[in-house]
Structure formats: structure tokens, C-alpha cells
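Participant: Predicted model and sequence follow; I will ask about them next.
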Amino acid sequence: MNQSQAQASSTDLESALGFSETVNDVPEAPIDNLLYTTLLVGGILGFRKFYFQ
């Protein structure tokens, strides 16, 4: 199968499934700050529980 045949078959599949060429995806949610905040809060609470029983 050469490139033009592969392109045609993928285009046929996309049109059969109803996908368009341009997709306006929503950017993914930034969870990095949430992860770091959760680790920081967990560390503080663990430290307080361990040292201030």
C-alpha cells in the first residue's frame, strides 16, 4: 500500500465516522499546580501529625 492509497483509505474512514479535518480541541487542564499543591499540603499535614501528636 503506497502513501496515496493509505491517505485515501484514512480519509474514507474519517468521512465514514464523521470526523472533520479541523478539530477545535479544548486545551488540556493544567493539573501540575494541583499536584504540587496537594503534595505540599500533604507534607505539611504529615509533618504536623508526626511532630505535634
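Facilitator: All right, it came through fine.
Participant: remind me which residues of the chain are low pLDDT?
Facilitator: 1-16, 18-23 (pLDDT under 70).
Participant: can you do 90?
Facilitator: Low-confidence segments of the chain, defined by pLDDT under 90: 1-33, 50-53.
Participant: Now do the helices in the chain.
Facilitator: 3-17, 32-51 (DSSP state H).
Participant: Now do the last one: which elements does it pack against?
Facilitator: By that I understand helix 32-51. Of the remaining helices and strands, none touches helix 32-51 by 3 or more C-beta pairs under 8 Å, 6 or more residues apart in numbering; DSSP states H and E. For glycine as for every other residue, the C-beta is placed from the backbone atoms N, C-alpha and C.
Participant: Flag every buried residue along that helix.
Facilitator: Buried residues in helix 32-51, counting neighbours by 16 or more other C-beta atoms under 10 Å, are absent.
Participant: Quick one: residues contacting L34.
Facilitator: By C-beta atoms under 8 Å, 6 or more residues apart in numbering, L34 lies in contact with nothing.
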